[in-house]
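Novice: whatever this is, show me its structure:
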Amino acid sequence: MDEIESKRLCLFIDGTWNTIDNNTNVWRMYSLCAAKDDAGKRQLVYYTKGVGTSVGAKLSGGLFGYGIEEIIAEAYEWLIPRYNSGDEIFIFGFSRGAYAARSLAGLIAKSGIVRPGSPIGVGELFKRYKSPEARTLYRLIDQDRTGTLGETSILERWLLKYSLPAPIRMVGVWDTVGALVGPYSYLETGLRKPVENAYHALAIDEHRDTFRPTLYTQNFHLDRPAAEQPGPRDISSVEQRWFVGAHANVGGGYNSDLLAQIPLRWLKRKAEAHGMKFSSELDAHDESCEAKITDSFKQMLFGLYALVKLGKPYYRKIGDEAVVTPKLRTVTVNETIDGSVFERVRRCGDYAPLNLTDWANRRGVALKAITGAVRADDPGVAVD
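Specialist: Numbering: from 1, shown residues only. Predicted coordinates:
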């Protein structure tokens, strides 16, 4: 039997209310993908527009997440006939689409990718996804190998027979928002082991509290031994970087927006480092860091949003401290601040957002003295 050549499967999930007409960074990166890399490895691509793109779905999808399960399921179903062991999976998303992208990674990490013709339907996988007690495919395989599997359900036996473990080479997202409650709270957006690399571009100047960012975090259970705690993720494989701009200045979607170029180039560079091939380079504009920041707080709903909020903007916390309860310590993972932020501080004397100055005061640093990207928890440590 001939050996099947490995390939890259690259999935792109756009943001809330976004379509190809909005020219988001998701769409732009999708459109830049080459059909093959220099060694001849194929790159197959999948794009879907964001939740709430039809007239009737704008409110329900944009505000409450209706439609997100369908978007995740359709992306997963696209993978089923295409994935073979050894293929590389890349998943990208923006806004609520970033939440969907990370949730898709969570579904794959938990149950693998079922083979074509499997008796397991995607609906059954979602039911299993909703159960926090359900064993992951990786755990089932490990327990089967070591003889510690114990009693199994028919679905677990089918998973062992019909599902393929599928490491995710990279998740790349712009400004994840939309932490969902109620019927969608089961969606996992964290860092399970099969997610090999994850990069997250974040917006410093987004002031709508309905657009609070969903950062990657790690939980440390204080009542468990050290051997059961998650290992640290190296900054080379997981990074969450802050950029100048509001939500769509970072994820793209505004007309002729140079600010969006900076986080697009950053995530494109990360993808290239992990093997993805693009058809062309992105121009670097010297004036990008001085481009206009959109005031999304005042513009939303033609000013009604700011009126309802009594004109009080919300400021995102940069380099937030750990959240500690009696049994749990939760920390954000590897936050950094892009060098273009400090360049704007030096070039534009009026750029001093409260959350950035608060971070500088907490860390005891002068913003104008920093000349490149740094770690948020230790600004004395430079990063690429």
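
Novice: ends of stretch 75-87, what's the gap?
Specialist: From its first residue to its last, stretch 75-87 covers 16 Å (Cα to Cα, to the nearest Å).

Novice: mind listing what's buried in that stretch?
Specialist: 75-76, 79, 83, 87 (16 or more other Cβ atoms under 10 Å). To be clear about C-beta, it is placed using only N, CA and C from the backbone, and glycine gets the same treatment.

Novice: next: stretch 146-165.
Specialist: 149, 155-156, 158-160, 162-165.

Novice: which of these lies closest to Glu124?
Specialist: Leu155 (6.5 Å; Cβ to Cβ).

Novice: my guess is the closest one meets Pro119, correct?
Specialist: No. Look at Leu155 against Pro119 with Cβ atoms under 8 Å: they stay out of range, at 9.4 Å.

Novice: distance from stretch 329-347 to the middle of the chain?
Specialist: A distance of 17 Å separates the centroid of the chain from that of stretch 329-347, by Cα atoms, centre = their mean, to the nearest Å.

Novice: tell me where the stretch 201-350 of the chain has helices.
Specialist: 247-251, 261-273, 296-299, 304-308, 339-347 (DSSP state H, counting those that start in this stretch).

Novice: now render the ones you listed as CSV, adding mean pLDDT.
Specialist: What follows is these, written out as CSV (pLDDT from 0 to 100):
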stretch, mean pLDDT
helix 247-251, 96
helix 261-273, 97
helix 296-299, 86
helix 304-308, 81
helix 339-347, 95
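
Novice: need the winner for burial among those helices.
Specialist: Counting by mean count of other Cβ atoms under 10 Å, helix 247-251 has the highest mean neighbour count of the helices of the stretch 201-350 of the chain, with a mean of 28.

Novice: and that one, what other elements does it pack with?
Specialist: helix 25-32, strand 198-203 (3 or more Cβ pairs under 8 Å, 6 or more residues apart in numbering; DSSP states H and E).

Novice: ok, 7 Å please
Specialist: Secondary-structure packing of helix 247-251 (3 or more Cβ pairs under 7 Å, 6 or more residues apart in numbering; DSSP states H and E): strand 198-203.

Novice: pull up the pairing partners for the strand it packs on, direction included.
Specialist: Strand pairing for strand 198-203, using DSSP bridges, gives strand 168-174 (parallel), strand 238-243 (parallel).

Novice: what does the longest one contact?
Specialist: Spelled out, it's strand 168-174. 25, 88-94, 98, 101-102, 105, 108, 194-201, 250-251, 263, 267, 270-271, 274 (Cβ atoms under 7 Å, 6 or more residues apart in numbering).
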